[in-house]
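Q: Fold the stuff below for me.
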Amino acid sequence: HVQLVESGGGSVQAGGSLRLSCAVSGSIGDRWCLAWFRQAPGKDREGVAAIDTDGTTNYANSVKGRFAISLDNAKRMMYLQMNSLKPDDTAMYYCAARRGSCASDSRDYNFWGQGTQVTVS
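A: Take a look at the predicted model:
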C-alpha cells in the first residue's frame, strides 16, 4: 500500500523560497514516476514537476528555472525546492505517484498525498 505524505508548505512573501517534502512509503514498483501537482481555488489541478526512476525530470514552463525536484532514495523522500516565489504560485500542492513513465494528466496518477498549502503574498 503506497502512502504519500507532504510537508513544508506555508506562507511566504513574493521572492521568497520554500521546500516541500513528500515521504513515500510502500512499493510503487520497479519503474515509477513521482510528481508535484498544484491546484489553486477555482482552477484545474496542474502538473508542476516530475521525476522518474531514471532521474529524468520535467517542469511546467511556469516554474522552469525557479523550482527544482529531487529525490533522496535512501530516505524515500521527494522534494520540491521553490525559489523566487510569485503570488501565482499560491495553491495546494500535492505529491503524486504512478507506476511506469511520467504523465502530464493528473488522472493518470494512482497515489496522492493529502496536500500542503503554499501561500505567496
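Q: Neighbours of C22, how many?
A: 26 (other C-beta atoms under 10 Å). C-beta coordinates here come from the backbone N, C-alpha and C atoms, glycine included.
Q: In contact with the closest residue to it other than its chain neighbours, which residues are there?
A: Excluding the flanking residues, the one nearest C22 by C-beta to C-beta, 6 or more residues apart in numbering is C95, at 3.5 Å. Counting by C-beta atoms under 8 Å, 6 or more residues apart in numbering, C95 makes contact with L4, V5, E6, L20, C22, V24, L34, A35, W36, M78, W112, G113.
Q: which one of those is nearest G65?
A: W36 (15.8 Å; C-beta to C-beta).
Q: how distant is stretch 30-40 from the center of its chain?
A: 6 Å (C-alpha atoms, centre = their mean, to the nearest Å).
Q: roughly how far is the helix or strand containing the residue nearest to C22 from the heart of the chain?
A: In this structure, C95 sits in strand 91-99 according to DSSP states H and E. Here the centre of strand 91-99 is set off from its chain's centre by 5 Å, with C-alpha atoms, centre = their mean.
Q: strands paired with it, and their directions?
A: Looking at strand 91-99 with DSSP bridges, its partner strands are strand 32-39 (antiparallel), strand 111-112 (antiparallel), strand 116-120 (antiparallel).
Q: Averaged pLDDT, the second one. What do you get?
A: Per-residue confidence for strand 111-112 averages out to 98 on the pLDDT scale.
Q: for it, the distance to its chain's centre please.
A: That offset, for strand 111-112, works out to 11 Å (C-alpha atoms, centre = their mean).
Q: Beta-bridge partners for W32, please?
A: R99.
Q: so it makes contact with A96?
A: No: contact between W32 and A96 fails when scored by C-beta atoms under 8 Å: they sit 10.8 Å apart.
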